[in-house]
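**Student:** Could you look at this predicted model? Sequence included:
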Number of protein chains: 2
Amino acid sequence: MRPHAGLPELAERLRRCSRKATGPRQSILEILRRQAHPLSIKEIFAALPEGGGDLATVYRSMHLLEGMAMVKRFDLGDGVARFELLVEGDDGHHHHLVCTRCAGVVEIEDCFIHELESRVASRNGFKAVTHKLEFFGICPACQNP
Amino acid sequence: MRPHAGLPELAERLRRCSRKATGPRQSILEILRRQAHPLSIKEIFAALPEGGGDLATVYRSMHLLEGMAMVKRFDLGDGVARFELLVEGDDGHHHHLVCTRCAGVVEIEDCFIHELESRVASRNGFKAVTHKLEFFGICPACQNP
DNA sequence: GTCCCTGCAAATGGTTTGCAGGCGG
DNA sequence: CCGCCTGCAAACCATTTGCAGGGAC
């Protein structure tokens, strides 16, 4: 995976879209930049510096960043949205293997479904077909308590 | 797909687990029995006969039925749980192709992921690995408005 | 100076729960 | 009869929104 851009470059990407590189937004991007795994809104909010932003602001920021394709939203099936920072120009398509005991997450690099995707699309006459796929299981650490 | 059991047989399955075959539960099973596609709680509730049950009762019933493996829960990514009736002894594993415009659902019979599943499991040392996979696209009807 | 953003608080929508009475087995 | 179930209402949790003041450019 390509390394993420530095904070100044991320801020630049915001300004390029006539969006403001405000304090809370830079904090959020910095938090995501340090994380290999998807973070929930609550986790991001908790990692914010003291008084560094409001929960509603985090929600609004994630919406904005998602719309700009600067972050990608993942649904790990527990009713909580999670986000990962995107490398510019990458669509961030990949999957996760989630431990159902400790909620730990492993990134799965390969995506093996694109061929199936086109088969599913043509068989049913659908266009613009995408997919969501996540794996669940019990991680090594949780197998021996 | 094997046809679903009749209502008496479904009621029998409840009693076998010392659960009561009450009015609301039978109504819910009857509604699901007629449906090929997953139904949301709201949809089930709306299909109930006049005064045939409370919304909370539907939630509680779906929980119970899911625990008994009489229904399967699906998450189509819109924050609403949906349910399908299960044939006894079947785990109901399959996937859906969802139209992002009209929310129509096509059932995808084959599951082609089980081999990948074991590969993902052994590579990462996980046990009991399962997966969730749903496809999204634009259905034929919605392509020509 | 102009809008975009923020903080606060209240609203929303899906889902869960506490409680007292009711019905199935 | 006993305990599982139900209806009603209130609680919960993630997320969204209205509003007025404040800051980035």
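**Tutor:** Sure, I can see it. These figures come from a predicted structure and were not determined experimentally.

**Student:** contacts and neighbour counts: CA atoms only from here.
**Tutor:** OK.

**Student:** Let's see the pLDDT reported for A:Pro3.
**Tutor:** pLDDT for A:Pro3: 67.

**Student:** what's the answer for A:Ala128, then?
**Tutor:** We note a pLDDT of 96 for A:Ala128 in this prediction.

**Student:** Please apply the same query to A:Thr57.
**Tutor:** At A:Thr57, the pLDDT value in this model is 98.

**Student:** any residues touching the strand of greatest length in chain A, and which ones?
**Tutor:** What stands out as the longest strand in chain A, according to DSSP state E, is strand A:127-138. Strand A:127-138 is contacted by residues A:76, A:95-101, A:117-118, A:121, B:117, B:121, B:126-140, B:143 when judged by C-alpha atoms under 8 Å, 6 or more residues apart in numbering or on different chains.

**Student:** Strand partners (parallel or antiparallel) of it?
**Tutor:** When pairing is defined by DSSP bridges, strand A:127-138 lines up against strand A:95-99 (parallel), strand B:127-138 (antiparallel).

**Student:** Could you identify which of those is most buried?
**Tutor:** Comparing the strands paired with strand A:127-138 by mean neighbour count (mean count of other C-alpha atoms under 10 Å in any protein chain shown), strand A:95-99 ranks first with a mean of 22.

**Student:** same question for that strand, mean pLDDT?
**Tutor:** Averaging the model's pLDDT scores along strand A:95-99 yields 97.

**Student:** Check whether the helix of greatest length in chain A comes into contact with chain B.
**Tutor:** Secondary structure of chain A per DSSP state H: the longest helix is helix A:55-67. No: contact between helix A:55-67 and chain B, assessed by C-alpha under 8 Å from any C-alpha of the partner chain, is absent, since the two come no nearer than 15.6 Å.

**Student:** ok and the next helix or strand after that helix relative to strand A:127-138, angle-wise?
**Tutor:** Per DSSP states H and E, the first helix or strand lying C-terminal to helix A:55-67 is strand A:71-75. With axes from the mean of the first three to the mean of the last three C-alpha atoms, to 10 degrees as the criterion, the two stretches strand A:71-75 and strand A:127-138 enclose an angle of 60 degrees.
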